[in-house]
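[1] structure for the following, please:
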Amino acid sequence: MERNELYPVFLKVNKLNILVVGGGNVGHEKLHFLLKSSPNANVKVVAKWFLPATKELANKHGVKLIKGVYKKKYLKKRHFVIAATNNERLNRRVYKHAKKRFLLANIADTPELCDFYMGGIVNKGHVKIAISTNGKSPTTAKRLRQFFEEVIPENVNEMVENLNEYRKTIKGDFEVKVDKMNKITESLIVKKEKND
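    The predicted structure follows:
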C-alpha cells in the first residue's frame, strides 16, 4: 500500500517571511487559507494585478501587496514561497529561484514542485488539526476537515486550558509528568468492547 511520508509541522508564520506570487483566484485562495489559520502571518504578495477580494484581505491583515512582475529579488529574506499564477513557466521559474536559495516552495497544482502542501485545517482555539492526502485529493481533505469541525466540541479549548494549568502543578521529571498527563487524558479515547 502506498504511504503518505509527509512530516507534519506547525509553523510560526508570524515569525517567518512568506512570499506569494499571484493575485488571481488561486493566489487569493492560498492567501485566504494561510490567513484564516494564521491571521498574523508575515506575508508579501507580488502580482501584476489583484482581485478586489485579495486587496480587501490584504488590507485587513496588513499584508503588503507589490503590484508588478515577479523578480527573483523578491525572494530575498524570505523563508518560503508560494507560486500561484496561471503561468506555468513563471511558476517553474519561481521554483528554480527558490531552490537556488534553499527556500521551501509550494507551486500550485504541481505536486512534483512542492516541498510542502497546504492541507485542510481544523482550528478550535488552541487545538489545530492538519489534514493531508499527500496532494492526491484536496476534496477529501476538505470533507475530513468538515467532519472534524463537527465532531470536535466547541469547549475543547477550555479543556486544553484546564489541562495546561494542571500540568503546571505536577512535580517530577518529564517522564513523570507525561505519565500523569497520559493517565488523566486516557478517558478522551473511548474504546469499544467487542461483544463475543
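
[2] where does the protein have low pLDDT?
    Scanning the chain for pLDDT under 70 picks out 190-196.

[3] residue 70 against residue 92, yeah?
    No: if you go by C-beta atoms under 8 Å, residue 70 and residue 92 don't touch, sitting 11.9 Å apart. For every residue, glycine as well, the C-beta is placed using N, CA and C.

[4] more neighbours, those two?
    residue 70 (23 against 14; other C-beta atoms under 10 Å).

[5] sec struct for the more buried one, please.
    Three-state assignment for residue 70 (DSSP: H, G, I helix; E, B strand; the rest coil): coil.

[6] now it: how far from residue 7?
    Residue 70 sits 29 Å away from residue 7, going by C-beta to C-beta, to the nearest Å.

[7] ok, now residue 140?
    Relative to residue 7, and taking C-beta to C-beta, residue 140 is found at 20 Å.

[8] who has more neighbours, these two?
    Per other C-beta under 10 Å, whichever of residue 140 and residue 7 has more neighbours is residue 140, with 13 against 6.

[9] which residues does the helix or strand harbouring the more buried one contact?
    Using DSSP states H and E, residue 140 falls within helix 138-151. The contact list for helix 138-151 (C-beta atoms under 8 Å, 6 or more residues apart in numbering) reads 119-122, 124, 129, 131-133.

[10] swap in 7 Å and give it another go.
    119-122, 129, 131-133 (C-beta atoms under 7 Å, 6 or more residues apart in numbering).

[11] which of those residues are buried? Put it as a PyMOL command.
    To isolate the buried ones among those in PyMOL, judged by 16 or more other C-beta atoms under 10 Å, type:
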select buried, resi 119+120+121+122+129+131+132+133
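
[12] which one of the contacts of helix 138-151 is nearest residue 64?
    residue 121 (23.6 Å; C-beta to C-beta).

[13] who's in contact with the closest one?
    Residue 121 is in contact with 37, 128, 130, 145, counting by C-beta under 7 Å, 6+ apart.

[14] also residue 34?
    41, 43.

[15] what helix or strand is it located in?
    Going by DSSP H and E, residue 34 is part of helix 25-37.

[16] and after that helix, which helix or strand comes next?
    Defined by DSSP H and E, the subsequent element after helix 25-37 is strand 43-47.

[17] by contact count, what packs against that following strand?
    strand 18-21, helix 25-37, strand 64-67 (3 or more C-beta pairs under 7 Å, 6 or more residues apart in numbering; DSSP states H and E).
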